[in-house]
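[1] All I have is the shape, not the residue letters:
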């Protein structure tokens, strides 16, 4: 494994300008140019957008489920979204004894694609059914929408792998964003009255829902430390964006700390608390992620790729790469399907 870099980040000059001194009025044309520039700059600083692009996450399809009153249904190996419309369900992650009880209005995201089961066969739902039957009041049959997502770059899927197995919004939990209800209605319209372009519409709406859920979860008080929680931190987010824009830069902890107006010790502690790992460890991971993209998408030599992602020697890069992916970079490149 390569040694943790002593040098870890400069704040880009463009970013400093966006936070800097006021400019003189230069007329409508100049203001329009400035607005365009700021818009492009803010997009480049949007870490969540950049990372979702890097994993090539995309909505796939939506299905409406209304199974019999007694059922157990499995889902596996795909990112899943469940929007509960009626009834009460039990959610079990395969291999985990914990049971989540979900009901009408809940929105459930499984971003990592963990295999799981939805059912109404558990003790709690059976007790509800018996109580309803005794009162001559049949329980509502379960109905929900299930959307799926695909990840175009499995090598970058660890970005989603650092998220929790399941995120649930609604009910007594964190409230679902208002926009989710709008998105749900749009999905129903496209399902009930499909037309030209419906497949793309559904995929885009699923993308929007995915991002809305991640935003709501990351803004919660009890969010687990990871890159997404760090991205939403107003100070740590600046350093994460800078690292991702230029992972090969010769960063220093001092420079990163100055970029977010913190002392070195305060920065290191806050970074670890928000992201869940030290800055040097996170930087090493980002560099290796960047290396996989260059190995896959370019014909650059391993030595040049090592230099571009910030390693001082090809040997150090190869050791770090093998430790991470289980194979040297040259062999990893040869084993890519289609090469």
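    Everything's here; your move. Here the structure is a predicted model, which means the values were calculated and not measured.

[2] quick check: mean pLDDT across stretch 189-201?
    Averaging pLDDT along stretch 189-201 yields 91.

[3] now swap in stretch 280-295 and tell me
    Stretch 280-295 carries an average pLDDT of 92.

[4] and what of stretch 69-88?
    For stretch 69-88, mean pLDDT rounds to 88.

[5] Over to stretch 309-324?
    On average, stretch 309-324 scores 95.

[6] How far does it sit from its chain's centre?
    26 Å (Cα atoms, centre = their mean, to the nearest Å).

[7] contacts for that stretch?
    With contact meaning Cβ atoms under 8 Å, 6 or more residues apart in numbering, stretch 309-324 is reached by 1-3, 5, 247-250, 283-285, 287-288, 290-291, 294, 302-303, 305-306, 328-329, 332. For glycine as for every other residue, the C-beta is placed from the backbone atoms N, C-alpha and C.

[8] what does stretch 227-246 give?
    Residues outside stretch 227-246 that contact it (Cβ under 8 Å, 6+ apart): 9-12, 15, 44-48, 50-51, 159, 162-163, 214-215, 217-219, 223, 251, 256, 259-262, 267, 270-271, 274-275, 279, 282-283, 286.

[9] And it, what's buried?
    The neighbour-count check on stretch 227-246 (16 or more other Cβ atoms under 10 Å) flags 227-233, 235-244 as buried.

[10] In helices only, show me these.
    Judged by DSSP state H, helices contain the following of these: 227-231, 236-244.

[11] So which of these is the closest to residue 113?
    Residue 113 lies nearest to residue 228 out of those, by Cβ to Cβ, at 16.7 Å.

[12] Mind jotting down where the helices sit in the stretch 1-150 of the chain?
    For the stretch 1-150 of the chain, the helices defined by DSSP state H, counting those that start in this stretch cover 13-18, 28-44, 47-55, 123-134.

[13] orientation of the helix ranked longest in the chain relative to helix 47-55 in degrees?
    Counting by DSSP H, the longest helix found in the chain is helix 198-218. For helix 198-218 against helix 47-55, the angle by axes from the mean of the first three to the mean of the last three Cα atoms, to 10 degrees is 130 degrees.

[14] so what does helix 198-218 touch, helix or strand wise?
    When contacts are defined as 3 or more Cβ pairs under 8 Å, 6 or more residues apart in numbering; DSSP states H and E, helix 198-218 sits against helix 47-55, strand 57-65, strand 79-86, strand 107-110, strand 143-151, strand 167-169, helix 178-192, helix 227-231.

[15] 6 Å instead, please
    Packing partners of helix 198-218 (3 or more Cβ pairs under 6 Å, 6 or more residues apart in numbering; DSSP states H and E): strand 57-65, strand 167-169, helix 178-192.

[16] which residues are in contact with it?
    For helix 198-218, the external contacting residues (Cβ atoms under 6 Å, 6 or more residues apart in numbering) are 59, 62, 109, 147, 167, 169, 177, 179-180, 183, 186-187, 190, 228-229, 232.
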